[in-house]
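Q: pasting the sequence and the predicted model now:
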Amino acid sequence: MFEEILKNVSANLPLVHSITNYVTVNDCANILLACGGSPIMADDLAEAAEITTICNSLVINIGTLNERTIESMIAAGKKANELGHPVILDPVGAGASTFRTQTVFRLIKEVKFSVIRGNISEIKTVYAGSGTTKGVDADVNDAVTDSNIGEAINFAQVLSEKTGAIIAITGAIDIVCGANKAYIIRNGHPLMSRITGTGCMLTCVIGAYCGANYDNMLDSTAAAVCAMGLCGELAYAKTVKNDGGTSSFRTYLIDYMSKMDAQLLNGGIKIETR
Amino acid sequence: MFEEILKNVSANLPLVHSITNYVTVNDCANILLACGGSPIMADDLAEAAEITTICNSLVINIGTLNERTIESMIAAGKKANELGHPVILDPVGAGASTFRTQTVFRLIKEVKFSVIRGNISEIKTVYAGSGTTKGVDADVNDAVTDSNIGEAINFAQVLSEKTGAIIAITGAIDIVCGANKAYIIRNGHPLMSRITGTGCMLTCVIGAYCGANYDNMLDSTAAAVCAMGLCGELAYAKTVKNDGGTSSFRTYLIDYMSKMDAQLLNGGIKIETR
Amino acid sequence: MFEEILKNVSANLPLVHSITNYVTVNDCANILLACGGSPIMADDLAEAAEITTICNSLVINIGTLNERTIESMIAAGKKANELGHPVILDPVGAGASTFRTQTVFRLIKEVKFSVIRGNISEIKTVYAGSGTTKGVDADVNDAVTDSNIGEAINFAQVLSEKTGAIIAITGAIDIVCGANKAYIIRNGHPLMSRITGTGCMLTCVIGAYCGANYDNMLDSTAAAVCAMGLCGELAYAKTVKNDGGTSSFRTYLIDYMSKMDAQLLNGGIKIETR
C-alpha cells in the first residue's frame, strides 16, 4: 500500500537535518542512508537554521539535551516551519527530568511539528505533562495492549488535534494517528528494545519518508513504522540463523532497511485502520 | 561462582546513568542493554543530578572531558553518594594531560567512588599522580606481568584503602581488589585492545552489576571483568571462524554479552584469589 | 609499491589526535586501531594542545562544528605545526553553511596543513570559496569523471601550491596530488557512499599513515586512499556473499582494514601517476 511513498523517497533522496543525541547519532546517519535519504547533523546556533534551508526535513531529538543545542533546535525548527518543511520531534526521556519535560513543552510552543514519535510514556508526558518513564524506556505500566488500545488512540487523537502533528506511539503495538484516522501496526520484535537507538532511528526514517512526501505525512509515518518493524522481524530471523546476539541484530536491522522496497514491505506489513 | 550476581541483574534490570565520552557511548549503551541493564546518558547540569535519582548506579568516564560536563559529573556524583548508589570512575587517559589528571583528583576529592577501573597507567596516575600513558592506552613499560603482579596488587590495595573504592586494573592480566581481598583474572584476548571501547564498556557492565548488587561490589566487579574477558575469548573464536576482522570482533563481543549467563560464565572463568 | 609506508605504520603505532565530529567518531577510532594506529580524541581547549604533544599527527574534521571546539582545533593545530607533526584537514560540508566555509578559511589561515581531504564539492569550496554541496555529500554536477579529470587535477595542484598541502579529492575516481605530482586512483565501490563516515575514516587513516611517514606524505596519502578503496571492494564482495546490507558492509570495511598489509594492498591497487 505504500508504493508511492517509497517511490518518492527513491526519486528525491531526501536530505534530513537531525539535531540529535550523541548516543545513537551514528546509527541515525546510517539508517538515513540505508532508507534512501541522506543525513546532515549541525547543532551549532551559527549554522543550524542555514543548514535547514538546504534540507528536506528536520528531526529534533532530545536524547542528550543540553542548554547550548536547545536554541539551535528552536532556530532550525522556526526556519523549517517558515519553509514548510516537515519537522519531526522525538521527545526521548520526556518525563525523566524536569529539564526534558519543560524543554519539550517549550519546543512544542515555539515550533510546529508535523510528527511526534515516542514510546507511550513519553507521549503521555507530552499529552498530560505527566506519565512515568524508566529513563528512556517506557514504563511497563503504561504499555499499550489490546485491552487499552482504544484509550491510547483516543488520547493520541486529542494530542494530534491540539498540536496539529501526526502522533506515533511505538512499542509492542504501534499507533500512528492524525486527528481523524488511526493506524494500528503490529510489526516488530521484542529484541528491538535490547539495542539502543531503534526509536531514534525510526524517527529519522520518518524524517526521510516525510521529507519526500510533504502531502501525505500520515501514510509516510505509518510506512516508516511498518518498515522499521519489519526490519526488526527479518533481523531477528537472521540473528537466530547465525547464532548471533544483540549487536548482530543491530547490524541486520540496518541491513534490511537498505534492502527495503515496496515488494518486501507489502509482503510483511501488519497494519489495520481504526 | 557468580550466580547470585547475575540473578540480581536479571531481576532488577539496573538503570545506569553514564556521563561518558562521545567516542564509545553507543557501544556503552548497547553493552548495558546486552548485559541486562538499561542506559541513560544525561550530561547537562540542568538534569544530571535529577536523572541520577531515577537510576541504580552512576558511571563517570572522562574520555572526552570538557569544562561543561565536569560540573555535571560532580553534581550527579554527589547526588548518587547522597542516595547510596554505586558510583564507578573510568579515568580514561589520566596522565595524558594535566587537565585530565587534575580533574580525576578533583572528582576523587568531591565524590566517593565505589569502583575505579582503568588500565595500569591510568590507575598509577590515580595512585601516585604520575604514571605514563600512551594516549588512552597503557604504557607497555607499566604492564602487569606474573613477575610484578604482587607489586601491582600492593599498590591497588593501598589505593583501595585510601579511596574506599574497589580497584580494577585491566590488561593482559586483570586485578580486582578491595582493601583486604584481591582477585586475579586471566580471561580476555589481545584483540580487545584493537577495538575502541572495551574498557569503557567494561566500566558500564560493572555499573550494571553493581547497580543490582549494592551489598557485594567486589564480586560484582570481578564478575563483570570475567564476563567481559570471556566475551572477548568467545568473540575471537567466532571472528576466526568467520574470517572476520576487528569490527566483526566488536559485534561478536557485544553479542556474547547478550548471551552471558551463569552457566556460560562459570564454564569459562579463569579467576584466583590472593 | 607502498611496502615502506605500511612497514613504518606497523613499526611506529602512530598515535593520532582527532578533533572530529560526534557522528562518525567511533568509526574513526576503530579504523585508526584497525589500520595500525591508535586514537585519542580531546576537544577541550584546556587540553587540546597538550594532548597533541604526545601524538604523532593531528586530524581536524569539521563534521559537527561548534564554537567551542574551533578554538581547540586552532590551538592543537598551532602546536602540531610547532612540533612538525602532520596536520590533516577534513572540511566536511564546507560550502553547506557560511559558518563552515568561513571556519575552513580561518583554519587554513592559522594552521599549516599537510593534507586536505574532501569530496570534490568541499575541495572546490576550499579552492574558490564557492562550490555547491548536497549537505555533506558532493554535488553530482561537480563529479570527477574521465572527461574532466585534467581540470580537477589542475585546480588541485594550484590549491596544493597555494596551501603547501597534499590535496586528496575522493569520489568515484580519487585524485591525490602535490604541487608537482598527481596520482589517480580507481579503487573503491559505490556502496561506500551508502554508509556514513567513509570520508572521515579515510582522513584518519591518512593521519595514521602520515604520522608514521613524515618524509613522504604524498605517498602516505595515496597509500591510505588505495587501502580504503580496496577495503571497500573486498567488503562489497563479502556483503554480497553473506546477503548483507549497508551495515554489514561497514563492518567488513573496517575488518579488511585490520587485515591490510603490503601483499593484500599491492594485489589490488589501481593507481596511475599523472
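A: Received it, and whenever you're ready, just let me know what you need. Numbering: from 1, shown residues only, chains lettered A, B, ... in the order given.

Q: work out the gap between stretch A:191-204 and the centre of the chain.
A: Centre-to-centre, stretch A:191-204 and its host chain are 9 Å apart (C-alpha atoms, centre = their mean, to the nearest Å).

Q: need the nearest residue in space to the closest residue to chain C within the stretch 101-250 of chain A, chain neighbours excluded.
A: Chain C sits closest to residue A:250 of the stretch 101-250 of chain A, with a gap of 7.4 Å, by C-beta to the nearest C-beta. C-beta coordinates here come from the backbone N, C-alpha and C atoms, glycine included. If you skip the residues right next to it in sequence, residue A:250 has residue A:195 as its closest partner in space, 4.7 Å away by C-beta to C-beta, 6 or more residues apart in numbering or on different chains.

Q: which ones are touching the residue of the stretch 151-274 of chain A found nearest chain B?
A: The minimum distance from the stretch 151-274 of chain A to chain B, using C-beta to the nearest C-beta, falls at residue A:245 (2.9 Å). Neighbour list for residue A:245: A:239, B:34, B:252, B:254-259 [criterion: C-beta atoms under 8 Å, 6 or more residues apart in numbering or on different chains].

Q: tell me the residues of chain A that contact chain C?
A: Of all the residues in chain A, those in contact range of chain C (C-beta under 8 Å from any C-beta of the partner chain) are A:15, A:22, A:25-26, A:29-30, A:33-34, A:38-44, A:46-47, A:50-51, A:54-55, A:68, A:250-259.

Q: pull the contacting residues for the residue nearest the centre of chain A.
A: Per C-alpha atoms, centre = their mean, the C-alpha nearest to the average position across chain A is that of residue A:203, at 2.1 Å. With contacts defined as C-beta under 8 Å, 6+ apart, residue A:203 is in contact with A:59, A:61, A:88, A:90, A:117.

Q: repeat the analysis, applying 10 Å as the threshold.
A: Contact criterion C-beta atoms under 10 Å, 6 or more residues apart in numbering or on different chains gives A:18, A:20, A:24, A:28, A:31, A:59-61, A:88-92, A:115-118, A:168, A:170, A:197, A:221, A:224, A:228 as the residues in contact with residue A:203.

Q: of all the residues in chain A, which one is nearest chain C?
A: When C-beta to the nearest C-beta is the measure, chain A has its nearest residue to chain C at residue A:255, with 2.9 Å between them.

Q: export whichever strand or helix holds that residue as PDB, just CAs?
A: Residue A:255 is located in helix A:246-259, with elements delineated by DSSP states H and E. Written as PDB, here are the backbone C-alpha positions of helix A:246-259 (Å, rounded to 0.1, in the frame of the first residue of the first chain):
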ATOM      1  CA  THR A 246      22.000  -8.100  20.100                       C
ATOM      2  CA  SER A 247      24.900  -6.500  18.200                       C
ATOM      3  CA  SER A 248      24.400  -8.700  15.100                       C
ATOM      4  CA  PHE A 249      20.700  -7.900  15.400                       C
ATOM      5  CA  ARG A 250      21.500  -4.200  15.100                       C
ATOM      6  CA  THR A 251      23.700  -4.800  12.000                       C
ATOM      7  CA  TYR A 252      21.000  -6.900  10.300                       C
ATOM      8  CA  LEU A 253      18.300  -4.300  11.200                       C
ATOM      9  CA  ILE A 254      20.100  -1.600   9.300                       C
ATOM     10  CA  ASP A 255      21.000  -4.100   6.500                       C
ATOM     11  CA  TYR A 256      17.300  -4.800   5.900                       C
ATOM     12  CA  MET A 257      16.400  -1.200   5.800                       C
ATOM     13  CA  SER A 258      19.000  -0.800   3.000                       C
ATOM     14  CA  LYS A 259      17.100  -3.600   1.100                       C
END
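
Q: quick one: average pLDDT of that helix?
A: Computed over helix A:246-259, the mean pLDDT rounds to 98.

Q: buried stuff in it?
A: Within helix A:246-259, the residues that qualify as buried by neighbour count (16 or more other C-beta atoms under 10 Å in any protein chain shown) are A:246-258.

Q: need these in CSV (columns: distance to residue B:182).
A: Formatted as CSV, the buried residues of helix A:246-259 follow (distance: C-beta to C-beta, whole Å):
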residue, distance to residue B:182
A:246, 32
A:247, 32
A:248, 36
A:249, 37
A:250, 37
A:251, 39
A:252, 42
A:253, 42
A:254, 43
A:255, 45
A:256, 47
A:257, 48
A:258, 49
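
Q: stretch A:103-115 near chain B at all?
A: Yes. With C-beta under 10 Å from any C-beta of the partner chain as the criterion, chain B is reached by stretch A:103-115 at residue A:103.

Q: all helices for chain A, in order.
A: Listed in chain order, the helices of chain A (DSSP state H) span residues A:3-12, A:25-34, A:48-53, A:67-83, A:98-110, A:120-128, A:149-163, A:198-211, A:217-241, A:246-259, A:262-268.

Q: the ones you listed: which one's closest to residue A:185?
A: Put simply, out of those the one that sits nearest residue A:185 is helix A:217-241, at 5.2 Å, with distance taken as C-beta to C-beta.

Q: residue C:222 versus the nearest residue to residue A:242 once chain neighbours are set aside, what's the distance?
A: Nearest residue to residue A:242 in three dimensions, chain neighbours excluded: residue A:248, at 6.3 Å (C-beta to C-beta, 6+ apart). Applying C-beta to C-beta, to the nearest Å, the value for residue A:248 to residue C:222 is 35 Å.

Q: just for chain A, where's the confidence low?
A: Regions of chain A meeting the criterion pLDDT under 70 cover residues A:129-136, A:140.

Q: what's near enough to touch the residue of it positioned farthest from its centre?
A: Here chain A reaches farthest from its C-alpha mean at residue A:243, the gap being 29.4 Å by C-alpha atoms, centre = their mean. When the contact criterion is C-beta under 10 Å, 6+ apart, the partners of residue A:243 are B:238, B:255, B:259.
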